[in-house]
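Enquirer: Give me a model of this one.
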Amino acid sequence: MKTLQKFGGFAALYLAVAYLIGMALFLVVLDYPSITDPAQKVALLIDKQMIVFSTNLLMYVFFGVVLIVMALALYERLKSGAPAIMQVATVIGIIWAGSLIASGMVSNAGIAPAVALYAKNPVQAALTWQGIESVASGLGNGNGEILGGLWTLLVSLAGLRAGGLPKALNILGLLVGAVGILSIIPGLTEMLVGVFGLSQIIWFVWLGIVLLRSNPVKTA
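Expert: The predicted model follows:
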């Protein structure tokens, strides 16, 4: 139990760091949001294949695997005080993790074919990458963070009922979760996804510190 809590604490801190590094790579190094033309996107892919590949590993594949560890750690910590909520939350958390892993793997699997096709037909390569990117984005919750939002909200609600986490942390989690759920609303998605990501970094760091410093009995 204590070992799983420690792993959960380190997992939460990793998720926060992965968010920060991933955002820096995505927004600064790749400057991806400013590129909307499919031809420019595939040209960027050709130029920075390893950065794109590494970003997908960090933000999606590894993120999803580590997220499973944290979801299980939170389940063990809170299940006695809110068993039904934590059962649902853990299932949603694992589904979220699986979708992120699938997103990163689909995107990375598509890099080599798109690069090979680019040498023969740049236009077709751009269209191919556009299709791959659409699938990866859908799997990665690019149209709204409803899975991450629901998981964060349910965990925080369970924390309030079970008393296994600080009250202020749970209130923050409820707000973060609500933003994630609302991010599925068309027209608000881009803004709220950004707010969700930034606020969840704070939640992850705080949660990681709590899991590493305390045990469920003392906190409850």
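Enquirer: I figured residue 126 hits residue 44, correct?
Expert: No - assessed by Cβ atoms under 8 Å, residue 126 is found out of contact with residue 44, at 10.9 Å. For the C-beta atoms, the positions are set from N, CA and C on the backbone; glycine is no exception.
Enquirer: Who has more neighbours out of the two?
Expert: For residue 126 versus residue 44, neighbours defined as other Cβ atoms under 10 Å are more numerous around residue 126 (20 against 17).
Enquirer: And that one, its phi and psi?
Expert: Note on residue 126: backbone dihedrals following degrees, to the nearest 10 are phi -60, psi -40.
Enquirer: how far away is it from residue 46?
Expert: Computed as Cβ to Cβ, to the nearest Å, the residue 126 to residue 46 distance reads 11 Å.
Enquirer: What ranges in this protein fall below the confidence cut-off?
Expert: 1, 215-220 (pLDDT under 70).
Enquirer: For it, just list every one of the strands.
Expert: Secondary structure of the chain (DSSP state E): no strands present.
Enquirer: Now do the helices in it.
Expert: 2-24, 38-47, 49-56, 62-78, 83-118, 122-139, 146-162, 167-182, 189-213, 216-219 (DSSP state H).
Enquirer: would CSV of the ones you listed with distance to residue 31 be doable?
Expert: Shown next, in CSV, are the helices of the chain (distance: least, Cβ to Cβ, whole Å):
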stretch, distance to residue 31
helix 2-24, 11
helix 38-47, 8
helix 49-56, 11
helix 62-78, 21
helix 83-118, 18
helix 122-139, 16
helix 146-162, 24
helix 167-182, 25
helix 189-213, 15
helix 216-219, 43
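Enquirer: highest average neighbour count across these?
Expert: Greatest average neighbour count among those goes to helix 146-162 (a mean of 24), per mean count of other Cβ atoms under 10 Å.
Enquirer: So what touches that one?
Expert: 71, 74, 77-78, 80-82, 85-86, 88-89, 92-93, 95-96, 99, 141, 164-165, 167, 169-174, 176-184, 196, 200, 203, 220 (Cβ atoms under 8 Å, 6 or more residues apart in numbering).
Enquirer: Can I get that helix in PDB? Just the C-alpha atoms.
Expert: Taking C-alpha atoms only, helix 146-162 is exported to PDB below (Å, rounded to 0.1, in the frame of the first residue of the first chain):
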ATOM      1  CA  ILE A 146     -14.000  15.100 -21.100                       C
ATOM      2  CA  LEU A 147     -12.200  11.900 -20.000                       C
ATOM      3  CA  GLY A 148      -9.500  13.700 -18.000                       C
ATOM      4  CA  GLY A 149     -12.100  16.200 -16.700                       C
ATOM      5  CA  LEU A 150     -14.500  13.400 -15.500                       C
ATOM      6  CA  TRP A 151     -11.600  11.500 -13.900                       C
ATOM      7  CA  THR A 152     -10.300  14.500 -12.000                       C
ATOM      8  CA  LEU A 153     -13.700  15.600 -10.900                       C
ATOM      9  CA  LEU A 154     -14.700  12.100  -9.600                       C
ATOM     10  CA  VAL A 155     -11.400  11.600  -7.800                       C
ATOM     11  CA  SER A 156     -11.800  14.900  -6.100                       C
ATOM     12  CA  LEU A 157     -15.400  14.200  -5.200                       C
ATOM     13  CA  ALA A 158     -14.300  10.900  -3.700                       C
ATOM     14  CA  GLY A 159     -11.500  12.700  -1.800                       C
ATOM     15  CA  LEU A 160     -14.100  15.000  -0.200                       C
ATOM     16  CA  ARG A 161     -16.200  12.000   0.900                       C
ATOM     17  CA  ALA A 162     -13.400   9.800   2.000                       C
END
